[in-house]
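# Sequence first, predicted coordinates after that:
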Amino acid sequence: MDTALVQLDDVSLSFGAEPVLERVSLTLNPGGITTLIGPNGAGKSTLARVVLGLQAPDQGRVWRRPGLRIGYMPQHLQVDESLPLTVDRFLWLAAPGRTRHRREALALTGVSHLRRRAVRRLSGGELQRVLLARALLRKPDLLVLDEPAQGVDVAGQDALYGLLSEVRESTGCGILLISHDLHLVMARTDQVVCLQHHVCCSGTPESVSRDPAYHELFGPRAGTPNLALYTHDHDHAHDLHGHVHDDPEHHDHGEHHHHD
Ligand SMILES: Nc1ncnc2c1ncn2[C@@H]1O[C@H](COP(=O)(O)OP(=O)(O)OP(=O)(O)O)[C@@H](O)[C@H]1O
């Protein structure tokens, strides 16, 4: 833990009566890429918000390295349609500083040509790259990216994940990534955490892609193309909301599983 950036121990959180995170533990290390995967509503963004300190858990412990700088790329960004905000100004508002730094960040994410463009005129993929540049401008120890590749074309997605690996190499920062692009992500991550309110399974991409709980969530064709056949013998069942059902003997796919 001395070397960790963030450590979560047994974190639980409910919104009203609905448990969203159940006893989640997670360690984020410098230079490590951790990918959070799970169906819609599994609690991934909520967990990211707990890591960021934007959301306090009901139970459990959250530890952040003192002085930790976090760059965050949110899943959604509301841009006021009436504001003629340029990309350059948008970046400056997040991290006031020299023009050179903003140019460098935009060059790194491959969108130098957009510096004077109005933010509200950007395409989805262009905006994602600008948001990544904004997160990098803070020179973060930890980058938290909530579905960074949404709206980015397939070649661009590959480039984006390649870029994240480069950023990790050159800066040594840790990266927490939320992603649905299993094929692209699995090859480029050190640790995969498969979330369905609780941590279903976690580990290296290889070990997770062989885990029955992973296949239960994502189906037999999920993961890397060279996946070996698996045996479906997981040791816990989920109810309709994805919460663990303790009695694997009475595990019934039709009634107890609801995976998007
Ligand atoms: N502030 C909130 N108040 C009440 N419920 C919330 C709040 N934030 C999230 N939720 C609920 O918590 C659950 C988990 O949401 P979350 O956004 O963390 O899921 P997710 O795994 O990121 O989903 P997706 O893949 O669709 O982005 C959802 O049912 C959501 O409606």
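On my side now, so go ahead.
# C-alpha only now, for contacts and for neighbours.
Fine.
# What pairs with the helix or strand harbouring L13, parallel or antiparallel?
Taking DSSP states H and E as the definition, one finds L13 inside strand 6-15. Paired strands of strand 6-15, with direction, are strand 18-28 (antiparallel), strand 59-64 (antiparallel) (DSSP bridges).
# any idea how far S112 lies from R100?
Noted for S112: a distance of 11 Å to R100, by Cα to Cα, to the nearest Å.
# Go through the chain and flag its longest helix.
helix 154-171 (DSSP state H).
# Quickly run through the sheet partners of the next helix or strand after it, with directions.
Using DSSP H and E, the helix or strand that directly follows helix 154-171 along the chain is strand 174-178. Paired strands of strand 174-178, with direction, are strand 33-37 (parallel), strand 142-146 (parallel) (DSSP bridges).
# Can you check what angle separates strand 174-178 from helix 154-171?
Relative orientation of strand 174-178 versus helix 154-171 (axes from the mean of the first three to the mean of the last three Cα atoms, to 10 degrees): 160 degrees.
# Which residues does strand 174-178 contact?
With Cα atoms under 8 Å, 6 or more residues apart in numbering as the test, strand 174-178 has contacts from 5, 28-37, 44-45, 141-148, 168.
# now swap in stretch 84-102 and tell me
L114, R115, R116, R117, A118, V119, R120, V130, A133, R134, L137, R138.
# Quick one: low-confidence residue ranges for the stretch 101-250 of the chain.
In the predicted model, the stretch 101-250 of the chain carries pLDDT under 70 at residues 220-250.
# Looking at S112 and R100, which one has more neighbours?
More crowded of S112 and R100, by other Cα atoms under 10 Å: S112, with 15 against 9.
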